[in-house]
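A.B. asks: sharing a model that was predicted from the sequence below.
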Amino acid sequence: MRHHLPLHPQGHGQGQVESAEGPRNRARARDHLNQGPYDPGVPPRLAELRALLHRANSAYYVDAAPFMSDGEYDRLLAELVALEAEHGCDDPNSPTQRLGDAATGFAKVAHAVPMLSIENTYTLETFNAWHARCVAALGTEPMLVCEPKVDGLAISLRYEDGALVQAATRGDGEHGDEVTGNARAVRAIPTKLRGSFPSLLEVRGEIFMPNESFERINAERQRANEVLFVNARNATSGTLKSLDPKLVASRGLSFVAHGRGACEGDPSRGHWEFLANLRAWGVPTNDDASRCASADDARECIESFKNRRSGLPYGVDGMVVRVDAFAQQAELGAASRAPRWIIAFKYPAERRETQLLRVDWQVGKGGTLTPRATMKPVFVGGTTVSHATLHNIDEIRRKDLRIGDVVLVEKAGEVIPQVVESLHERRDGSEQTIDPPTVCPSCASAVEQDGPKLYCVNAACPAQFRERLKWFVGRDQMDIDGLGDKIIDQLVEAGLVNHFADVFALDPARLAALEKSESSGQGKVRKDGSLAEVARIGAKTAERIVRSADAARGRGLQRLLASLGVRHLGEAASKTLARAFPNLDAVLGANVATLEALPDFGSITAESLVRDFSAPTLRDEIERLRAAGVDLSSQSHRPEGASAAGPLAGKVVVLTGELPGWDRRSLTAAVEALGAKVSGSVSKKTDLVIAGAAAGSKLTKARELGVIVWEGDEALRELAALGAAVKA
């Protein structure tokens, strides 16, 4: 990049290689600091320090030529903080204002120029076709610009008279969340431009998390027994959606610019020139950008960078190629979803070699035994990977995997580690075959096979209960905060939690009674029955667990049903039952015919639920929950004949694919808030299908049945018109 993306994102120059300009910059800074006597209590010193620190940020993040140490920067910043406290701070773009007060929520703002999607391609053939269309439309071969597609969160920065006045996420492309306070907390984003800049400039770019920051944050979260981020992109998104700029600043995010929105007074005639101007104005751009005179040059750029990206200190998932000249971009125009003058070539998932060391069989909440590979740690797809699921014994046999094999590992969907194949030619004869277990690794009960799956037949298996308990307290079920996997394992091993209801009997004293074993670092339970140091639970954490468990008593029927771990009883089915029945007793008393009459409940599901609901072990758990004071009534029951209010009241809606700015849970909630019933399958009863990218058979079936379809940008516009709150 024009700046080297900081390997020390929280520092201000440590470890950087100084360019030839470094000594001259540092000399200029010393001259600036030694302009003669000054009174540090006089306001001109404020302007002096602000200008110097702004220049220091540009030198570090844009020019890769830091002229002051971390300590010097921090000392000057502390001086500025003190002066502003004495005289007052009237400049929202002062370096001290990067850490503002926590926000109470994000306002929605309209983009002056829409932030459209970019067409993706995964093959050179499709890229060639795109280029041919551009040549045909323009009547000439255009100059192209190639830039690495940094894997982060799109952002629009609005500068007026050189000052940052607004930052907004992409959102639905038309409207986004206003996150100016958080953007100021990203040190790489300049709050003031330098040089001769346009009077109005919207900079489009990517906020991202360097690999080092991601590894550090996940290590901290693991020590705190918190849920880990699955990748740096998710960590970036979650961080930027935080309401606390101080948290944003602590996460070490960075920024790179790659485009423009609205502007007045920009002299650039094309993207390549615009990138050069951005650097002159103090905005970081990508040093690996290239200007290409032909499609052959662009293809060479794409191919050569593919093998380099694994060594970068940040995530890259493709190469963006665009027509350079702005006049030609305007001539090509845009389709409804994306401009015609730009395309993103997406790289296949990164693969790395490692060695398969052993296979353990994990017991799931339903008794399923799943093989889990342990491998030599390898950095792939932005994280260090040492484990991966092998799915089932048939998959192991199909790939002919053996202990000791050299294997190829990739991140499926850039998220889930998986073993792609074994490199059989690398075997030396010492490898061992992987045999399925004949007894459960947890309780030593018999194992049965059903197709490719293996099951522990013991319903009282401790490992099964641990997994069911982890599911029960999960965020999408009873949502009991603080009970992470390690603490649950220790509670079960200590004998303090043997049933779901036992969670509601925990108190801070009991959660403070486990003491750490000096020899192993693990825990043991004191004889007085209290609980804390084994799980290394502090007093505050213990109190948080108890408060959260107490609140979980009132979560209502829908969450309770979903938490029980009953087959066929997921989120959608639990929601349907909670609407159809007033309480859990009514659900348990329903017969097959009653359940079959419910939307999306077929005979197999109905028969399975009636059978499982009558099981003595489940009935016993429910009675214990009742005795623990858990609310068994429905908070969403709709008596027959009642209908939801809203513009989609009474409509059956099916969701498929991915809409930009929405995850499935938030989209489901938004559609239900409009009065609709969200179904999991398309039928003649379906009124509407909302389809995003990668929509599959549901979209095909909807078209075959003549069901109304809202697709892509149309869906976003229709939802916004109905008042659905857009999630960015």
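C.D. replies: Noted; the coordinates are in hand. Fair warning: this is a prediction, and the values are worked out from it, not measured in the lab.
A.B. asks: and I343, which helix or strand is it part of?
C.D. replies: strand 342-346 (DSSP states H and E).
A.B. asks: other SSEs contacting that strand?
C.D. replies: Helices and strands touching strand 342-346, by 3 or more C-beta pairs under 8 Å, 6 or more residues apart in numbering; DSSP states H and E, are strand 119-121, helix 124-138, strand 316-323. From N, CA and C alone the C-beta is placed, and that goes for glycine too.
A.B. asks: one more pass at 10 Å, please.
C.D. replies: Applying 3 or more C-beta pairs under 10 Å, 6 or more residues apart in numbering; DSSP states H and E, one finds that strand 342-346 makes contact with strand 119-121, helix 124-138, strand 144-150, helix 295-306, strand 316-323.
A.B. asks: would you list those in a markdown table and tack on mean neighbour count and distance to V407?
C.D. replies: As requested, the helices and strands packed on strand 342-346 are arranged in a markdown table below (neighbours: other C-beta atoms under 10 Å; distance: least, C-beta to C-beta, whole Å):
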| stretch | mean neighbour count | distance to V407 |
| --- | --- | --- |
| strand 119-121 | 16 | 29 |
| helix 124-138 | 15 | 28 |
| strand 144-150 | 25 | 28 |
| helix 295-306 | 17 | 21 |
| strand 316-323 | 24 | 23 |
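A.B. asks: nearest to G367, out of those?
C.D. replies: Closest to G367 of the helices and strands packed on strand 342-346 is strand 316-323 (C-beta to C-beta; 37.7 Å).
A.B. asks: check which residues of the helix or strand following that closest one are buried.
C.D. replies: Remark: after strand 316-323, the chain's next helix or strand is helix 326-332, criterion DSSP H and E. For helix 326-332, the neighbour count (16 or more other C-beta atoms under 10 Å) marks F326, Q328, Q329, E331, L332 as buried.
A.B. asks: distance from the chain centre to stretch 451-466, please.
C.D. replies: Counting by C-alpha atoms, centre = their mean, to the nearest Å, stretch 451-466 is centred 31 Å from the centre of its parent chain.
A.B. asks: returning to what we had before: angle of the strand holding I343 against helix 124-138?
C.D. replies: 170 degrees (axes from the mean of the first three to the mean of the last three C-alpha atoms, to 10 degrees).
A.B. asks: run me through the strand neighbours of strand 342-346, direction for each.
C.D. replies: strand 119-121 (parallel), strand 316-323 (antiparallel) (DSSP bridges).
A.B. asks: and P44, which of those strands is closest to it?
C.D. replies: Across the strands paired with strand 342-346, closest to P44 is strand 316-323 (C-beta to C-beta), at 44.5 Å.
A.B. asks: which of the residues in stretch 457-471 are buried?
C.D. replies: Neighbour-count burial for stretch 457-471 flags N458, C461, P462, A463, Q464, F465, R466, E467, R468, L469, K470, W471 (criterion: 16+ other C-beta under 10 Å).
A.B. asks: circling back to that earlier point, what's the following helix or strand after the strand holding I343?
C.D. replies: Using DSSP H and E, the first helix or strand after strand 342-346 is strand 351-363.
A.B. asks: just checking, next helix/strand downstream of that next one?
C.D. replies: Per DSSP H and E, strand 351-363 leads on to strand 368-380 as the next helix or strand towards the C-terminus.
A.B. asks: and that next one, what does it pack onto?
C.D. replies: Using 3+ C-beta pairs under 10 Å, 6+ apart, strand 368-380 is in contact with strand 351-363, strand 383-389, helix 393-399, strand 406-412, strand 416-422, strand 447-450, strand 453-456, helix 462-472.
A.B. asks: only alpha carbons, please: show that strand as PDB.
C.D. replies: Extracted as PDB, the C-alpha positions of strand 368-380 are listed here (Å, rounded to 0.1, in the frame of the first residue of the first chain):
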ATOM      1  CA  THR A 368     -24.000 -38.000  17.200                       C
ATOM      2  CA  LEU A 369     -20.300 -38.900  17.200                       C
ATOM      3  CA  THR A 370     -18.400 -36.500  14.900                       C
ATOM      4  CA  PRO A 371     -14.700 -36.900  14.100                       C
ATOM      5  CA  ARG A 372     -12.600 -33.900  14.800                       C
ATOM      6  CA  ALA A 373      -9.100 -33.600  13.400                       C
ATOM      7  CA  THR A 374      -6.200 -32.200  15.300                       C
ATOM      8  CA  MET A 375      -3.400 -30.800  13.000                       C
ATOM      9  CA  LYS A 376      -0.200 -29.000  13.300                       C
ATOM     10  CA  PRO A 377      -1.200 -25.300  13.600                       C
ATOM     11  CA  VAL A 378      -1.200 -23.500  10.200                       C
ATOM     12  CA  PHE A 379      -2.200 -20.000   9.300                       C
ATOM     13  CA  VAL A 380      -4.900 -20.000   6.700                       C
END
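A.B. asks: related to what we said a few turns ago, can you redo the helices and strands packed on strand 342-346 as a markdown table with distance to V654?
C.D. replies: Putting the helices and strands packed on strand 342-346 into a markdown table (distance: least, C-beta to C-beta, whole Å) gives the following:
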| stretch | distance to V654 |
| --- | --- |
| strand 119-121 | 24 |
| helix 124-138 | 29 |
| strand 144-150 | 32 |
| helix 295-306 | 37 |
| strand 316-323 | 29 |
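A.B. asks: and those: which comes nearest H258?
C.D. replies: It is, among those and with distance given as C-beta to C-beta, strand 144-150, at 5.7 Å.
A.B. asks: and that closest one, what does it pack against?
C.D. replies: Using 3+ C-beta pairs under 10 Å, 6+ apart: strand 144-150 touches strand 200-208, strand 254-264, helix 271-280, strand 290-292, helix 295-306, strand 316-323, strand 342-346.
A.B. asks: between the third one and strand 342-346, how many degrees?
C.D. replies: For the pair helix 271-280 and strand 342-346, the angle between their directions (the same axes, to 10 degrees) equals 80 degrees.
A.B. asks: equivalent analysis for the longest one, please.
C.D. replies: Regarding helix 295-306 and strand 342-346, their directions subtend 40 degrees when assessed with the same axes, to 10 degrees.
A.B. asks: from the contact counts, what lies against helix 295-306?
C.D. replies: Using 3+ C-beta pairs under 10 Å, 6+ apart, helix 295-306 sits against helix 124-138, strand 144-150, strand 290-292, strand 316-323, strand 342-346.
A.B. asks: chain center to it, what's the gap?
C.D. replies: Centre to centre, stretch against its chain (C-alpha atoms, centre = their mean), the figure for helix 295-306 is 29 Å.
A.B. asks: closest to A56 out of the helices and strands packed on strand 342-346?
C.D. replies: strand 144-150 (23.9 Å).
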